[in-house]
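# I would like to see how this sequence folds:
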Amino acid sequence: MQTIITRTGTFLTLLSFSFISCQTKIVTNFDKYENLSLDNKKVVNEYLEDAKKSLAKKDDETILMFQYNCFFNKTLSINNKFTESFPKQENIIHYGQKSIHLSKKNGDIIISQSDGKKFVIPQKAGYDYINVCYYSKEDKFFIHYYDFPKLLMFE
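Numbering: from 1, shown residues only. Purely as a prediction, here's the structure:
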């Protein structure tokens, strides 16, 4: 009888956690240049040389790119070493992105937002550019790994 009560209690506890899930979701994607469609390669090729100059990096670095509009009015702490703020300003349509150079030797990237959200981005071999966006309405972080510099394109 004690075993049945214990199992029932365990089941109810686990069931209650399924209704109270408050964890932020992380959506991760990977893109390698060689796997892009011909059309996408053409688009990337149009800006690739300029991007390599504007986002120049050393072999032992990863570039973390933040889509500015994803972090409006937030301040981020990256690995407790860098602080980036994303103030929203009137009459500005496109904010672009901010980038930070990080050493690959430091391992995982830890980001804390001013609203208390915290997440970890593991560095992945072969991917030197990481684009990050937080969508607050769905409480989701989007982390996109690239092996080429990916710039935001505006229409």
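
# now the strands for this structure?
25-31, 61-67, 75-78, 82-85, 97-103, 109-113, 118-121, 129-135, 140-146 (DSSP state E).

# residue nearest the centroid of this protein?
residue 132 (2.7 Å; Cα atoms, centre = their mean).

# what's the closest non-adjacent residue to that one?
Counting by Cβ to Cβ, 6 or more residues apart in numbering, residue 66 is the residue found nearest to residue 132 once chain neighbours are left out, at 5.3 Å. Quick note: C-beta positions are derived from backbone N, CA and C, even for glycine.

# so that neighbour makes contact with residue 98?
Yes. Counting by Cβ atoms under 8 Å, residue 66 does reach residue 98; the two are 4.8 Å apart.

# ok, the two, which is more surrounded?
Between residue 66 and residue 98, counted using other Cβ atoms under 10 Å, the more crowded position is residue 66 (23 against 16).

# contact partners for residue 51?
Contacts for residue 51 (Cβ atoms under 8 Å, 6 or more residues apart in numbering) come out as 148-151.

# give me that answer again for 6 Å
Counting by Cβ atoms under 6 Å, 6 or more residues apart in numbering, residue 51 touches 149, 151.

# how about the one 10 residues further on?
Residue 61 makes contact with residue 101, according to Cβ under 6 Å, 6+ apart.

# what sits opposite it in the beta ladder?
Per DSSP bridges, the residues bridged to residue 61 are residue 103.

# and it, how far is that from residue 112?
Between residue 61 and residue 112 the distance, using Cβ to Cβ, to the nearest Å, works out to 21 Å.

# check residue 34 too.
35 Å.

# neighbour count: these two, which is higher?
Here residue 34 and residue 112 are set side by side on neighbour count (other Cβ under 10 Å), and the busier one is residue 112, at 16 against 8.

# correct me if wrong: the more buried one contacts residue 134.
No. Between residue 112 and residue 134 no contact is recorded; they are 11.9 Å apart, counting by Cβ atoms under 6 Å.

# where does the residue nearest to residue 67 when sequence neighbours are not counted land on pLDDT?
With sequence-adjacent residues excluded and distances taken as Cβ to Cβ, 6+ apart, residue 67 is closest to residue 133, at 4.5 Å. Predicted confidence (pLDDT) at residue 133: the value is 92.

# quick check: bridge partners of residue 133?
Here residue 133, judged by DSSP bridges, has bridge partners residue 142.
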